[in-house]
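A.B. asks: got a predicted structure here, sequence first:
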Amino acid sequence: MVTKFEALFLAERTERERREETRQQQIASAEDKAAALAKAEQEREEEKRRIRAEAIRQAEEEAVHYRKMLAERAEEEKRIRLEAMRAAEEDAIKQKKRDAERRAEEARIREEAKREALDAEKARIAAAAERAAYEQKIRKEAAEAALAAAAAEAKAKKEQADREKKIAADAAEAAKNAAEKEAKATQEAAEAAAKAAKVEHEAALKKAEEAAAAAKKEAEAAEAKAAAVAPPDKKAPLKFKDALGRNFNFPWDRCCKWDDMEGLIHQAFAHIEKIGPHVLQNHYDLLGPDKDIIMPEYWEDSITPGMQITMMLWPIPEPPPEPEPLPGDFIPPPPLDGEVIDIDALLSGVSGVKKSKSKDKGMLRAPPDVLS
């Protein structure tokens, strides 16, 4: 028979065994959990190493692609610049040829116009002289005719007086005194008529002399006008200072017209980068000596030989902003002028910008347009 003490002892031992078993189970469970956690941690580390290796591989591929893209773009831009320079040179040669042809044509037209004006003026002077000589001849003939008519009239009157005197003498001795008196009156009248004819002749002669003097004066005025049509003296050149501070002396006959002046300015800036296209679009003003803007429409009326003209550019607009990179794009930071991009350093987390001293392995020089 089991005593109460033995029963308690057995119960306590059973309890201790149960607790020990429970503790062993907990230890085994903890060890299993620790092993599972260690395995999970190892798998996480392996996954991190795999992701890092994949990221490095992708970065290297993107760096190679980026270097290839920059090289292709630099080559394309070099080709475009060469083609643009070649086109600009060809345009300049064509423009120079067109300007030379235009200047030759203008010179030919001016010479023809000058020659035609001189010929016309000479013809007008000759016609005026011929007309004056003809009018002088007509006046002289009219004066001579008037003088002859006056002399004939005086002669006829004198003959009439003589006839009347003879008739009066033959009529009667008794009328001798009356006849003598009448003859005397007739003689006085004839003398007065002759005197009047002489005065009229002198007036006609004076009028003819005045007409000849007027014709001579008109011929002298025509000769003076023809001399004025002669080629003018060479005028002082126009002094021009452009927006770059360069000074030019433009011949007056090459810049007195606005189209010619505009062509000279375009030629001066044809090969100037950045500013050249701005000037070719006429984005500038020309200022006179008093700093007032001269409008192209009033160019010919505003300038004089020897005047100082200053060029002032309009503000150059800012270039459009570059597009923002898309998420996930590999875009290295732009280097400063004269620096290079170290792709290896960028991938390793070190600063990838270095001074350009030699062609080191892994260095890629950024083109000037990328830097700007």
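C.D. replies: Thanks, I have it.

A.B. asks: just the CA coordinates for stretch 39-54, please, in PDB.
C.D. replies: Output of stretch 39-54 as PDB, limited to C-alpha atoms (Å, rounded to 0.1, in the frame of the first residue of the first chain):
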ATOM      1  CA  LYS A  39      18.800  30.100 -43.000                       C
ATOM      2  CA  ALA A  40      16.500  33.000 -43.800                       C
ATOM      3  CA  GLU A  41      19.200  35.500 -43.000                       C
ATOM      4  CA  GLN A  42      21.700  33.600 -45.300                       C
ATOM      5  CA  GLU A  43      19.100  33.500 -48.100                       C
ATOM      6  CA  ARG A  44      18.600  37.300 -47.600                       C
ATOM      7  CA  GLU A  45      22.300  37.900 -47.800                       C
ATOM      8  CA  GLU A  46      22.600  35.800 -50.900                       C
ATOM      9  CA  GLU A  47      19.600  37.700 -52.500                       C
ATOM     10  CA  LYS A  48      21.300  41.100 -51.600                       C
ATOM     11  CA  ARG A  49      24.600  39.900 -53.200                       C
ATOM     12  CA  ARG A  50      22.700  38.800 -56.300                       C
ATOM     13  CA  ILE A  51      20.800  42.100 -56.500                       C
ATOM     14  CA  ARG A  52      24.000  44.100 -56.000                       C
ATOM     15  CA  ALA A  53      25.800  42.100 -58.700                       C
ATOM     16  CA  GLU A  54      22.800  42.500 -61.100                       C
END
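
A.B. asks: distance between that stretch and the chain's centre?
C.D. replies: Centroid displacement of stretch 39-54 relative to its chain, using C-alpha atoms, centre = their mean, to the nearest Å, is 70 Å.

A.B. asks: same deal with stretch 44-61?
C.D. replies: Here the centre of mass of C-alpha atoms in stretch 44-61, compared against the chain's by C-alpha atoms, centre = their mean, lies 62 Å away.

A.B. asks: what does stretch 153-165 give?
C.D. replies: With C-alpha atoms, centre = their mean, you get 91 Å for stretch 153-165.

A.B. asks: how is the protein carved up into domains?
C.D. replies: Structural domains annotated on the chain: 110-228, 232-314, 334-372, as defined by automatic domain parsing.

A.B. asks: tell me which element the closest residue to A196 other than its chain neighbours falls in.
C.D. replies: The shortest distance from A196 to any residue other than its chain neighbours is 7.9 Å, reached at A150 (C-beta to C-beta, 6 or more residues apart in numbering). For the C-beta atoms, the positions are set from N, CA and C on the backbone; glycine is no exception. Taking DSSP states H and E as the criterion, the element that holds A150 is helix 4-171.

A.B. asks: report all helices and strands that that helix contacts.
C.D. replies: Based on contacts counted as 3 or more C-beta pairs under 8 Å, 6 or more residues apart in numbering; DSSP states H and E, the elements that helix 4-171 packs against are helix 176-228, helix 258-268, helix 343-347, strand 363-365.
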